[in-house]
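*Asks:* All I have is the shape, not the residue letters:
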Ligand code: LLP
């Protein structure tokens, strides 16, 4: 299902015209589809069901991909758990009605305060990434008189073959416990009074389109689980992380969830452990777009620029990873005055790295609306206020209704937390 559908009066998300959203809420604006979010979640669950695994699997949505309360709440209603990486994400999930006992807590640098909050909330499991973290968690749990449920996140040293910034499973990455150290660390964990060994965890990277590296990592993890079991450490669950890639380019389709997951699930179906997955991007990425308006057309000698009102602060992925997002005109027909040209789609931020797309063939007039597709994951979640730009509004479409799920920031809110030095102000 494609998120934006062209009708005679322009692009729509579900039954709502993007032009109507821009008229009502302004631009830049993130637009999500409830139907597309639901469909992405069900595709994941159906893939598990096809291997008879849904009943013993927990789909923990990786909150970092998009942490808007409405999105978290929608997934909670669908029965999802959550993968969090901070106390802030814990608070969001609880505020959105997520169940604490379906939360897994990942990340290389959990503070003691965060550990305490998660223990008090009663989360499902901590994904521990180092010997030191294990020791600290044991102490914090001890101070609360409880035992912390723990998986070790192991680093299987598998090349995920994705962008180096989002590849996490190689020896050189900061993530996880080195594979060769994991067995001994499990023995230590099992001996600690305030640690309850529950599972094992592995996440090798993000935007993976080929299932082979994930299957290879799964094989390594399963061999370790068997070795641990033989040594008397029986694990209740296996967490294989997230990472399934999505389509960013019309010409480069991504595998369906059922196909991507099949090699992993075939291995897991034969086992008795419960399963955890941590998908982020694949549940929200294709379900959102960034709506923006062309402010200025600037023909140049070498390049033609279309300066739009969204920028790198709204969607950082192109600037940070040189990522591609398809960009469509929202209007059905370009006016006769608009000539198709190759445009650099850039924002107003004062950096040459502030681009949203290079070399896009579009027929544009100033004032036209554009839709930057596949922006539901790591879009708003990574937005900043750089250049004192208020963050965009977010709107969820549900059939023919529009719901404002985050209002646009006001400029005064950007400096509301700041204060000036005491003393005299210069006279005007
Ligand atoms: N679990 C862990 C431990 C992770 O570190 C991540 C993502 C996920 C699950 C979810 O992975 P996903 O299913 O979304 O691939 N900002 C980058 C992506 C960073 C991913 C970080 N970790 C981007 O825009 O491409």
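*Replies:* Looks like it came in fine. Predicted model only: the values in this text are computed from it and were never measured.
*Asks:* Please, where are all the helices along the stretch 101-250 of the chain?
*Replies:* Chain-ordered helices for the stretch 101-250 of the chain, with DSSP state H, counting those that start in this stretch as the definition, fall at 112-121, 131-144, 179-191, 212-230.
*Asks:* residues contacting residue 13?
*Replies:* Applying Cβ atoms under 8 Å, 6 or more residues apart in numbering, we find residue 13 in contact with 3-5, 21, 31, 33, 289, 397. Glycine gets a C-beta too; all of them are placed from N, C-alpha and C.
*Asks:* Just want the phi and psi numbers for the residue nearest the centre of the chain.
*Replies:* Nearest to the mean C-alpha position of the chain, counting by Cα atoms, centre = their mean, stands residue 65 at 1.7 Å. Main-chain torsions, residue 65, degrees, to the nearest 10: phi -70, psi -40.
*Asks:* again, but for residue 350
*Replies:* Per-residue torsions, residue 350: phi -80, psi 70 (degrees, to the nearest 10).
*Asks:* for residue 236, same thing?
*Replies:* The phi and psi values for residue 236, taken as degrees, to the nearest 10, are phi -90, psi -30.
*Asks:* Confirm for me that it is in contact with residue 198.
*Replies:* Yes - between residue 236 and residue 198 there is a contact under Cβ atoms under 8 Å: 5.2 Å.
*Asks:* Look at the two and report which has more neighbours.
*Replies:* More neighbours sit around residue 198 than around the other of residue 236 and residue 198, counting by other Cβ atoms under 10 Å; the figures are 22 against 15.
*Asks:* ok, now which ones touch the more buried one?
*Replies:* Neighbouring residues of residue 198 by Cβ under 8 Å, 6+ apart: 125, 149-151, 235-237.
*Asks:* Likewise for residue 364?
*Replies:* Residue 364 is in contact with 294, 297, 306, 329, 334, 338, 341, 343, counting by Cβ under 8 Å, 6+ apart.
*Asks:* Lowest pLDDT pick from those?
*Replies:* Of all those, residue 334 has the smallest pLDDT value, namely 74.
*Asks:* gap between it and residue 91?
*Replies:* Here the criterion is Cβ to Cβ, to the nearest Å. By it, residue 334 lies 46 Å from residue 91.
*Asks:* Where does the stretch 101-250 of the chain get nearest to the ligand, residue-wise?
*Replies:* Taking Cβ to the nearest ligand atom as the measure, the stretch 101-250 of the chain has residue 242 as its residue closest to the ligand, at 2.7 Å.
*Asks:* So which bits of the stretch 1-150 of the chain are right by the ligand?
*Replies:* With Cβ under 6 Å from any ligand atom as the criterion, the stretch 1-150 of the chain comes near the ligand at residues 62, 65, 83, 106.
*Asks:* on that earlier part again, dump the helices of the stretch 101-250 of the chain to JSON lines, plus mean neighbour count and distance to residue 404.
*Replies:* Below are the helices of the stretch 101-250 of the chain laid out as JSON lines (neighbours: other Cβ atoms under 10 Å; distance: least, Cβ to Cβ, whole Å):
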{"stretch": "helix 112-121", "mean neighbour count": "17", "distance to residue 404": "29"}
{"stretch": "helix 131-144", "mean neighbour count": "18", "distance to residue 404": "39"}
{"stretch": "helix 179-191", "mean neighbour count": "16", "distance to residue 404": "46"}
{"stretch": "helix 212-230", "mean neighbour count": "18", "distance to residue 404": "37"}
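*Asks:* Mean pLDDT added to those, as CSV?
*Replies:* As requested, the helices of the stretch 101-250 of the chain are arranged in CSV below (pLDDT from 0 to 100):
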stretch, mean pLDDT
helix 112-121, 98
helix 131-144, 98
helix 179-191, 97
helix 212-230, 96
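*Asks:* Including distance to residue 77, could those helices go into JSON lines?
*Replies:* What follows is these, written out as JSON lines (distance: least, Cβ to Cβ, whole Å):
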{"stretch": "helix 112-121", "distance to residue 77": "19"}
{"stretch": "helix 131-144", "distance to residue 77": "31"}
{"stretch": "helix 179-191", "distance to residue 77": "35"}
{"stretch": "helix 212-230", "distance to residue 77": "28"}
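*Asks:* Can you tell me which of these is nearest to residue 168?
*Replies:* Counting by Cβ to Cβ, residue 168 lies closest to helix 212-230 out of those; the figure is 10.6 Å.
*Asks:* nearest spatial neighbour of residue 78, skipping sequence neighbours?
*Replies:* residue 41 (5.1 Å; Cβ to Cβ, 6 or more residues apart in numbering).
*Asks:* Listing request: residues of this protein with sub-threshold pLDDT.
*Replies:* The chain contains residues with pLDDT under 70 at 1, 166, 169.
*Asks:* Apply 80 and report the result again.
*Replies:* By pLDDT under 80, the weakly predicted segments of the chain are 1-2, 160-173, 334-337, 427-428.
*Asks:* Domain ranges for it, per the record?
*Replies:* For the chain, automatic domain parsing gives the domain ranges 4-31+285-414, 34-280.
*Asks:* Tell me the gap between the shortest one and the middle of its chain.
*Replies:* Translated: domain 4-31+285-414. Relative to the centre of its chain, domain 4-31+285-414 is centred 19 Å away, using Cα atoms, centre = their mean, to the nearest Å.
*Asks:* which residues touch stretch 22-29?
*Replies:* Contacting residues not belonging to stretch 22-29 are listed as 21, 290-293, 308-311, 314, 330, 369, 392-395, 402, 404, 408 [Cβ under 8 Å, 6+ apart].
*Asks:* Just to be sure, which of these are found in strands?
*Replies:* Within the contacts of stretch 22-29, residues falling in strands by DSSP state E are 290-293, 308, 369, 393-395, 402, 404.
*Asks:* and the residue of the stretch 251-400 of the chain nearest the ligand?
*Replies:* Among all residues of the stretch 251-400 of the chain, residue 280 sits closest to the ligand, at 2.7 Å; criterion: Cβ to the nearest ligand atom.
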